[in-house]
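Colleague: Everything below, folded, please.
(2 chains, ligands or ions: 2)
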Number of protein chains: 2
Amino acid sequence: MMINIYDDINKLEATLRKTDEFANVKAAVESVKADPEALALFQSFRKIQLTLQEKQMKGEEIAGEELEYAQKTAQLAQSNEKIAQMLQAEMGLSQLIDEVNRVLIKPVQELYEGI
Amino acid sequence: MMINIYDDINKLEATLRKTDEFANVKAAVESVKADPEALALFQSFRKIQLTLQEKQMKGEEIAGEELEYAQKTAQLAQSNEKIAQMLQAEMGLSQLIDEVNRVLIKPVQELYEGI
Ligand SMILES: [Ca+2]
Ligand SMILES: [Ca+2]
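Modeller: Ligands and ions are numbered 1, 2, ... in the order given. Below is the predicted model of the structure:
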């Protein structure tokens, strides 16, 4: 049977763009972008996160001081109201995407029942 | 705006169940289930995989012999035509679900452009 699943995927994507969850992230990102202090904090937070992730993937050792610096940067970023709001909004949108995955994975798991 | 994204998610799930990719996994699983040799091989393969995953999550050490046994079990399972076909079919279905995620993640990534 020739089924065009892409129509359904694209419809879902268009609907996702219209959700409150999506609008919340959009507004929160704009709000961070418009605030030089919040923007700078978020950018240093993200920079050190990416550096640590890269080291971890390469199996490189992470110095205690570097980890401490990362934790302080994360605390500082999260204590900024605009960043905190953005991270919260992100979580709401992620939950929606996780829900899509849960719904799609379920019929696949059912196939393996009793094997 | 009140958007019912669940209608679209459920529609996508229903369509997923009608794809060739889904039918291929279903048929391949049935074929393994119906073959005692393939079923036993797959079950030992999965058992050792789960054991290793559990140890890894707990941070427990994995003995060299255990790893060797796991690799041999994996090779043996994959050399069974029915299991190989099932793993191939799984990959096709996973690619479809990965595609859903790529399409849904794209508008989210766009929100962060230039931040
Ligand atoms: Ca402030
Ligand atoms: Ca055989």
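Colleague: Output the below-cut-off pLDDT ranges for chain A.
Modeller: Scanning chain A for pLDDT under 70 picks out A:1-2.
Colleague: how close does the spatially most central residue of it sit to chain B?
Modeller: A centroid search over chain A (Cα atoms, centre = their mean) returns A:E90, at 5.6 Å, as the residue closest to the centre. To chain B, A:E90 is 8 Å away according to Cβ to the nearest Cβ, to the nearest Å. The way it works is simple: take the backbone N, C-alpha and C, and place the C-beta from them, glycine included.
Colleague: element containing that residue?
Modeller: Using DSSP states H and E, A:E90 maps to helix A:81-111.
Colleague: I'd say the residue nearest to the centre of chain A and A:V29 touch.
Modeller: No - A:E90 is beyond contact range of A:V29, at 9.0 Å (criterion: Cβ atoms under 8 Å).
Colleague: tell me the contacts of the nearest residue to the residue nearest to the centre of chain A once chain neighbours are set aside?
Modeller: Spatial nearest neighbour of A:E90, excluding adjacent residues (Cβ to Cβ, 6 or more residues apart in numbering or on different chains): A:V25 at 5.9 Å. Neighbouring residues of A:V25 by Cβ atoms under 8 Å, 6 or more residues apart in numbering or on different chains: A:M86, A:A89, A:E90, A:G92, A:L93, B:V108, B:L111.
Colleague: so who does the second one touch?
Modeller: For A:A89, the residues meeting the contact criterion (Cβ under 8 Å, 6+ apart) are A:E21, A:N24, A:V25, A:A27, A:A28.
Colleague: three-state assignment of the nearest residue to A:E99 once chain neighbours are set aside?
Modeller: Using Cβ to Cβ, 6+ apart and skipping the chain neighbours, the partner closest in space to A:E99 is B:I9 (7.0 Å). Classification of B:I9 using DSSP: H, G, I helix; E, B strand; the rest coil returns helix.
Colleague: Now do the phi/psi pair for A:L50.
Modeller: With angles defined as degrees, to the nearest 10, A:L50 sits at phi -60, psi -40.
Colleague: and it, how far is that from A:A28?
Modeller: Between A:L50 and A:A28 the computed distance is 20 Å (Cβ to Cβ, to the nearest Å).
Colleague: between these two, who's got more neighbours?
Modeller: Shown here are A:L50 and A:A28; by other Cβ atoms under 10 Å in any protein chain shown, A:A28 has more neighbours (22 against 10).
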